[in-house]
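Colleague: Need coordinates for the following:
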Amino acid sequence: MGEFRTRGQVAATAAVRRWVAAAEAPHALLFVGPEGCGKTTLALDLVAGLCCLASDAAARPCRACAACHKLEHGNHPDVHRLAPGGAGGQIKIGDVRALLADLALLPAEARVRTAIIEQAHRLNPDAQNALLKLLEEAPARVVIVLTATAESLLLETVVSRCQRIRLGPVATADVAALLVERGVADPSAAAVLARAAGGRPGVALALAGDPEAVLTEGRLVRTLLDLAAADRRTRLAAAPELLADARRLVPACGEELDSDVATTRTASPAERRLAALRLIETWRALARDVAMTALGWPDAALRLDLADELQTAARRIPGPGLVAFLSRLDRLAVAVEAYANPELAVDALLLAWPRVAAGS
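Modeller: Numbers count the residues shown, from 1 in each chain. The predicted model follows:
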């Protein structure tokens, strides 16, 4: 069987394996899921399988042929990647037009030309409209894969022309196994990192590169748990420190921020947005764990190291309020991606976080 690097995501991987075995795939795909859950890795598995030269289709991608080596080194002539860049973290119309010109050519070596558009939700409206023409009139032997955290951030006309594949959090055991396999952590440390990452392999790998990150993540989670019993004033006062901790956990900020720098240096708009999104992802994983525990499925929680705290929270946080809060987390994540004010979004979430009496 071909060497896929995606962990978990059983249904999504099965679909991709079928396309690789058939040596063809839908011309437009949209992989949707939380940041760091493996969308780009799965897209690369698909592209590798379509480009692989192994004679046995079941062995693709073999990771050993010339095509696989070229893909590994980023110089395969039929593979194109597009990702956000610049101060605003956007994909602009000029980037899309350049991609269109590349995809208009016939494949040079592979069966198809492929393109991966990472974080497609960062395509600005003009860029999405330019991409729409390609999706409507795709050249023969072209496969385009978009990845996004939420399809609602894309034009409906773009989404409707793609076959959608949804990805979710990965089992902590699978994430831990990946870290050990990559040689970035021993089994004991890998288990801790996998739990801290909330089932997101990309986040776990980022945490593994920063010894202080796990402590920061743990402090963030425990602060959120404590705030469930806090009054409005205390909650709002906690916002700056929550966002400062979240900023330390965002590799995209391009620097390691110590405590003093993170709280005193003025953050760029992109850093503020990424910090709020990182906080929301951590909050979502925590709220999910509390919900699973409340439903009587404590073993389904990702943060098993917090089993006692989750049990306490599950008894004290009202179930209906928790469900409504999870929905609000999703809505405000979409709003922040669409350039809503990050600090106002976090304040709204702090006030909406279901409140419990300290003695209940």
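
Colleague: all contacts plus neighbour counts: C-alpha atoms, from now on.
Modeller: Fine.

Colleague: Now the lengthiest helix in the chain: average pLDDT?
Modeller: The longest helix of the chain (DSSP state H) is helix 269-294. For helix 269-294, the mean per-residue pLDDT is 86.

Colleague: The helix or strand that comes right after that helix to helix 269-294, inter-axis angle?
Modeller: Following helix 269-294 in sequence order, the next helix or strand is helix 307-316 (DSSP states H and E). Relative orientation of helix 307-316 and helix 269-294, computed by axes from the mean of the first three to the mean of the last three Cα atoms, to 10 degrees: 80 degrees.

Colleague: Give me the buried positions along helix 307-316.
Modeller: 307, 310-311, 313-314, 316 (16 or more other Cα atoms under 10 Å).

Colleague: could you check the angle helix 269-294 makes with the helix or strand just after it?
Modeller: As assigned by DSSP H and E, the chain's next helix or strand after helix 307-316 is helix 319-337. Interaxial angle of helix 319-337 relative to helix 269-294 (the same axes, to 10 degrees): 160 degrees.

Colleague: Lowest-confidence one in the buried residues of helix 307-316?
Modeller: Scoring these by pLDDT puts residue 307 last, at 79.

Colleague: from memory that one sits against residue 298, does it?
Modeller: Yes. Using Cα atoms under 8 Å as the test, residue 307 is close enough to residue 298 to be in contact (7.4 Å).

Colleague: Residue 30 against residue 152, yeah?
Modeller: No. Residue 30 is not in contact with residue 152 according to Cα under 8 Å; the separation is 12.0 Å.

Colleague: So if I had to pick from these two, which one is more boxed in?
Modeller: residue 30 (25 against 14; other Cα atoms under 10 Å).

Colleague: Now do the contacts for the more buried one.
Modeller: 145-148, 159, 162-165 (Cα atoms under 8 Å, 6 or more residues apart in numbering).

Colleague: Mind checking which of the residues you listed land in strands?
Modeller: Within the contacts of residue 30, residues falling in strands by DSSP state E are 145-148, 163-165.

Colleague: Just the closest of those residues to residue 26, please.
Modeller: Closest approach to residue 26 among those (Cα to Cα): residue 163, at 7.2 Å.

Colleague: residue contacts, that closest one?
Modeller: 26, 28-30.
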